[in-house]
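**Student:** Here is the input, now give the coordinates:
(2 chains)
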Amino acid sequence: MNEFWLELWNAYGMQTVYMLTHIGILIGVILGAVAYYTLLERKVMGAMQRRQGPMTVGPWGLLQPIADGVKLLSKETIIPAQANGPVFVIAPMLTFTLALIAWAVIPVNAQLVLADINVGILYLFAVSSMGVYGVIMAGWASNSKYAFLGGLRSASQMVSYEVSMGLVIVCVLLCVGSLNLTEIVTVERPIWVQIMLFPMLIVFLVSILAETNRAPFDLPEGESEITGGFMVEYSAMTFALFFLGEYANMILMSAMTVLLFLGGWLPPFGIEALAIVPGIVWFALKTLLIMFFFVWTRATFPRYRYDQLMRLGWKVFLPFTLLWVVVVSGSLIYFDALPSKEKAPVVQESTLIDKVAE
Amino acid sequence: MISAITFYLFSAITLLSAIMVITAKNPVHSVLFLILAFFNAAGLFVLLGAEFIAMILVIVYVGAVAVLFLFVVMMLDISFGDLRKGAMQYVPVGLLAGGILLFELISVFAVWQFAKSSETNIASPTPDPKEITNTEALGQILYTDYVFAFQVSGLILLVAMIGAIVLTHRKRPGVRKQNVADQQARTQSDAMEIQKVTPGTGI
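**Tutor:** Numbers count the residues shown, from 1 in each chain, chains lettered A, B, ... in the order given. Coordinates of the predicted model:
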């Protein structure tokens, strides 16, 4: 029996401990980032509206997120009597979990990734497309008409914008020739390819606003019409999980944009001299840039009307991205710039031959 | 050993949630269990090393098809009691369909197991997973070897989609729609008029 446990430890134990530490650090960093993202949002919006933002708790209001967290933790969780108990409680947990598990495949630096899987980008897309369930389940289980309307709005909105997001990702993948996130970052793109992908960056930025239910597409929670949308019945920690999930999703979508379009952890504009700064810092700075974009749009644009939102998704973005897939693949073929598939297998073959020779 | 444990975990949850789909009292719960079953099936695909199919299963079925399904079921106003009354009369048909499916599955696997010569007859043999990722292998088969069949099935789906739209679309009179081009073309001069109002006279 003892030998069995020893074998188990040797086979899986060390790896498990390493993985758990990695996961622990990752989650700690994300939660810290989420907490301070809320403060950043309030400060930036304050600056844009000539206010100071939170200033009372701690120096320059720096301890405000902690105070908010403690407040939410100490409140009472109310489950409405007419609500569907289990689904009502599972919904916020699902939202929060999905926002966290996506980080498993995000490479924050060369080699620094929890799971470097072949289909990383598909995994991200799959997880983000499941995010809609938290909202629908919350809307339905609350047994309240406002919550239900919010859930329906969110579901149709997220499904609509996922289509154009998928096509944008297809455009990038055509230029890269791999589904692996590390390769998506490291494969070199000629300057004309980058220019060709620029419109897709714009479409993607707008789509992630709709996908995370942020202003100007925050109709699922539109407080002026449906009071608070799908989270109207939620309080205390169940509400906090939705809130954390939303902000974690925003950071995730920012990281996804950085990986797809802004070159991940590589120094900007390919300037070699800037490589002395560690890649993880570049990754964080670039992500912060997109996170700022989220706040910026929220402070700048009024909310869309629902039919305008649907029109933008189906009648503008979908035809445009579809056309652009054709344009990108056509020009890649015409200029003979398809990412060559020979490189990777050749390396593999030689190692295989070497092994046989040995 | 770990993979065996995860296999039994995934398949047990798949089977249990599949049973819950047909026994749950509330249709919305049924759909949610169906989604759980899809998700665990994706887990089984990952264990098989078919990560591409697993992700597509989650993206297409969990992320899109089941959302619309849930959408419809949530909006239905049905009394759950009435729904279950006539359920027993469909048992024979259900058993027949299930039996045929089971028989077909058994015959497919039996051919693999007992007729070894069938492996030499496979038109596109499974490539070595070390040389080629399964995304590339699937792409080769779908877009290179069988591109014609693939395009034809795409066209059939397109026809089905257009057919469904034509059959269900109806023009409703009296619906006011906004013409975006008109709205964009509006200028300050044709939308408003600035008047000077002298006190005490009105317009």
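**Student:** can we go C-alpha only for contacts and neighbour counts from here?
**Tutor:** Will do.
**Student:** dump the residue contacts of A:Met48.
**Tutor:** Applying CA atoms under 8 Å, 6 or more residues apart in numbering or on different chains to A:Met48 gives the contacts A:Ala299.
**Student:** repeat that for 10 Å
**Tutor:** Shown in contact with A:Met48 (CA atoms under 10 Å, 6 or more residues apart in numbering or on different chains): A:Arg42, A:Trp296, A:Ala299, A:Thr300.
**Student:** can you pull the pLDDT of the third one?
**Tutor:** Predicted confidence (pLDDT) at A:Ala299: the value is 88.
**Student:** what about it, how many neighbours?
**Tutor:** Close neighbours of A:Ala299, defined as other CA atoms under 10 Å in any protein chain shown, add up to 18.
**Student:** picking that back up, out of the contacts of A:Met48, which sit inside helices?
**Tutor:** Among the contacts of A:Met48, the members falling in helices are A:Arg42, A:Trp296, A:Ala299, A:Thr300 (criterion: DSSP state H).
**Student:** where's A:Ala284 relative to chain B, distance?
**Tutor:** 27 Å (CA to the nearest CA, to the nearest Å).
**Student:** element containing that residue?
**Tutor:** helix A:279-300 (DSSP states H and E).
**Student:** which helices and strands does that helix pack with?
**Tutor:** Here helix A:279-300 touches helix A:14-48, helix A:191-211, helix A:236-261, going by 3 or more CA pairs under 10 Å, 6 or more residues apart in numbering or on different chains; DSSP states H and E.
**Student:** Determine which stretch of those is the most buried.
**Tutor:** Each of the helices and strands packed on helix A:279-300 was assessed for mean neighbour count using mean count of other CA atoms under 10 Å in any protein chain shown. The highest is helix A:236-261, with a mean of 22.
**Student:** Does it reach chain B?
**Tutor:** No: on the criterion CA under 10 Å from any CA of the partner chain, helix A:236-261 is out of touch with chain B, staying 16.1 Å away.
**Student:** tell me the domain ranges of the chain?
**Tutor:** No chain specified, so I'll use chain A. In terms of domains, chain A is parsed into A:1-74, A:82-346 (source: automatic domain parsing).
**Student:** Chain B, not that one
**Tutor:** B:1-79, B:130-168.
**Student:** Poorly predicted segments of chain B, please.
**Tutor:** Residue ranges of chain B with pLDDT under 70: B:77-84, B:118-119, B:129.
**Student:** most residues in a single helix of it, which one?
**Tutor:** Longest helix in chain B, counting by DSSP H: helix B:91-114.
**Student:** Mind checking what helix or strand follows that one in sequence?
**Tutor:** Following helix B:91-114 in sequence, per DSSP H and E, is helix B:134-139.
**Student:** about what we covered before: figure out which of the helices and strands packed on helix A:279-300 is closest to A:Glu183.
**Tutor:** helix A:236-261 (9.9 Å; CA to CA).
**Student:** just the angle between that closest one and helix A:14-48, please?
**Tutor:** Taking axes from the mean of the first three to the mean of the last three CA atoms, to 10 degrees, one finds helix A:236-261 and helix A:14-48 inclined to each other by 90 degrees.
**Student:** circling back to that earlier point, closest to A:Ile271 among the ones in helices among the contacts of A:Met48?
**Tutor:** Using CA to CA, those come closest to A:Ile271 at A:Trp296, 27.7 Å.
**Student:** quick one, what contacts that closest one?
**Tutor:** Here A:Trp296 is in contact with A:Glu41, A:Val44, A:Met45, A:Met48, A:Ala215, A:Ile290 (criterion: CA under 10 Å, 6+ apart).
**Student:** Single out whichever of those residues has the smallest pLDDT.
**Tutor:** Minimum pLDDT across these falls on A:Ala215, with 78.
**Student:** And the residue nearest to it when sequence neighbours are not counted, how far from chain B?
**Tutor:** The spatially closest residue to A:Ala215, leaving aside those adjacent along the chain, is A:Arg298, at 4.9 Å (CA to CA, 6 or more residues apart in numbering or on different chains). To chain B, A:Arg298 is 23 Å away according to CA to the nearest CA.
**Student:** Who are the contact partners of A:Arg298?
**Tutor:** Contacts of A:Arg298 by CA under 10 Å, 6+ apart are A:Glu41, A:Met45, A:Leu209, A:Arg214, A:Ala215, A:Pro216, A:Phe217, A:Asp218, A:Phe292.
**Student:** Pull the number of nearby residues for residue 63.
**Tutor:** Let's take chain A. Neighbours around A:Leu63, by other CA under 10 Å: 17.
**Student:** other chain: chain B
**Tutor:** The burial count for B:Gly63: 25, using other CA under 10 Å.
**Student:** Would you verify that it is located in a helix?
**Tutor:** Yes: counting by DSSP: H, G, I helix; E, B strand; the rest coil, B:Gly63 falls inside a helix.
**Student:** what separates A:Ile251 from A:Ile280, distance-wise?
**Tutor:** 15 Å (CA to CA, to the nearest Å).
**Student:** do the same with A:Met310
**Tutor:** 37 Å.
**Student:** A:Val206 too?
**Tutor:** The value you get for A:Val206 to A:Ile280, if CA to CA is used, is 26 Å.
**Student:** And A:Gly32, by the same measure?
**Tutor:** When A:Gly32 is compared with A:Ile280 (using CA to CA), they lie 16 Å apart.
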